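Novice: here is a sequence with its predicted model. Questions after.
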Amino acid sequence: MSVHILKIMQTLERDFDLTEIIEGEEIMGPSPFGRHQMIISNLNYIIQHYVKAKPIGHVYFAPLDVIFEEEINRLQPDILFIRKENMSIFQDWVRGVPDMICEVVSPGTYVRDTAVKRAIYEKYRVPEYWIVIPELSAIEILIIENNKYKTHSFAEIEGVVTSKVIDGLEVNIKEVFE
């Protein structure tokens with residue numbers, strides 16, 4: 001096998017690696033189910049469309065490593081947003097604290113997404129954390145206040161959630177889950 005092909009294969013392996021490092025421990029998550037992907041796609045489309053109309057930053061989706069501390073906390077949130085003025089953290093991966101992170105909870109990841117990752121995002125003071133729970137058709141948006149998360153916006157089954165970080169963004173949750 002040529003050196004060129006070997007380098008391409010190594011790059012592809014790295015790009016599609018679903019391993020996260022949580023508090024120094026490597027954790028390999030399963031690939032998401034189809035409904036999970038549909039929800040991420042819907043939400044990404046809504047946020048992307050809004051952000052493109054008002055060029056305030058960039059939206060990215062998994063798999064993309066967010067490295068808070070090398071070898072300690074390297075996570076792959078489902079969706080993240082970085083304001084234009086903070087784009088210096090976007091390098092080979094994201095090296096620093098994004099302005100918004102979103103996790104879509106899958107069966108088997110509830111505790112990891114709503115407790116473990118929430119504590120990590122709070123520790124590094126991610127300004128806004130979205131928790132999307134498909135089984136409840138619910139979205140909760142948390143913001144940092146006095147170094148702790150508090151609920152900024154919540155909707156279940158129907159209604160609209162609003163972002164504080166992506167100023168003016170309103171999301172009708174029916175568009176996310178249907």
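Specialist: Received it, and whenever you're ready, just let me know what you need. Numbers count the residues shown, from 1 in each chain.
Novice: only C-alpha atoms for contact and neighbour calcs from this point on.
Specialist: Fine.
Novice: buried stuff in stretch 43-58?
Specialist: When neighbours are counted by 16 or more other C-alpha atoms under 10 Å, the buried residues of stretch 43-58 are found to be Leu43, Asn44, Ile46, Ile47, Gln48, Tyr50, Val51, Gly57, His58.
Novice: for stretch 80-95, that is, sorry about that
Specialist: For stretch 80-95, using 16+ other C-alpha under 10 Å, the buried residues are Leu80, Phe81, Ile82, Arg83, Ile89, Val94, Arg95.
Novice: then stretch 134-154?
Specialist: If you call a residue buried by 16+ other C-alpha under 10 Å, then stretch 134-154 has these buried ones: 134, 137-144, 149, 152-154.
Novice: dihedrals phi and psi, Asp167?
Specialist: Dihedral angles of Asp167 (phi, psi; degrees, to the nearest 10) stand at phi -50, psi 130.
Novice: what about it, how many neighbours?
Specialist: Counted with other C-alpha atoms under 10 Å, residues neighbouring Asp167 total 11.
Novice: so for it, what's the pLDDT?
Specialist: With respect to pLDDT, Asp167 scores 93.
Novice: ok, Thr114 next?
Specialist: Confidence at Thr114, expressed as pLDDT, is 87.
Novice: list the helices and strands the lengthiest helix in the chain packs on?
Specialist: Criterion DSSP state H: the longest helix present in the chain is helix 34-53. Judged by 3 or more C-alpha pairs under 8 Å, 6 or more residues apart in numbering; DSSP states H and E, helix 34-53 is in contact with strand 57-61, strand 100-104, helix 173-177.
Novice: out of those, deepest packed?
Specialist: Highest mean neighbour count of the helices and strands packed on helix 34-53: strand 100-104, a mean of 24 (counted as mean count of other C-alpha atoms under 10 Å).
Novice: sheet partners, orientation included, of it?
Specialist: strand 79-83 (antiparallel), strand 128-133 (parallel) (DSSP bridges).
Novice: and these: which comes nearest Lys164?
Specialist: Closest to Lys164 of the strands paired with strand 100-104, according to C-alpha to C-alpha: strand 128-133, at 7.6 Å.
Novice: continuing past the helix or strand of the chain with the lowest mean pLDDT, what's the next helix or strand?
Specialist: Sorted by mean pLDDT, DSSP states H and E, the helices and strands of the chain end with helix 3-15, the least confident at a mean of 42. Note on helix 3-15: by DSSP states H and E, the next helix or strand toward the C-terminus is strand 19-22.
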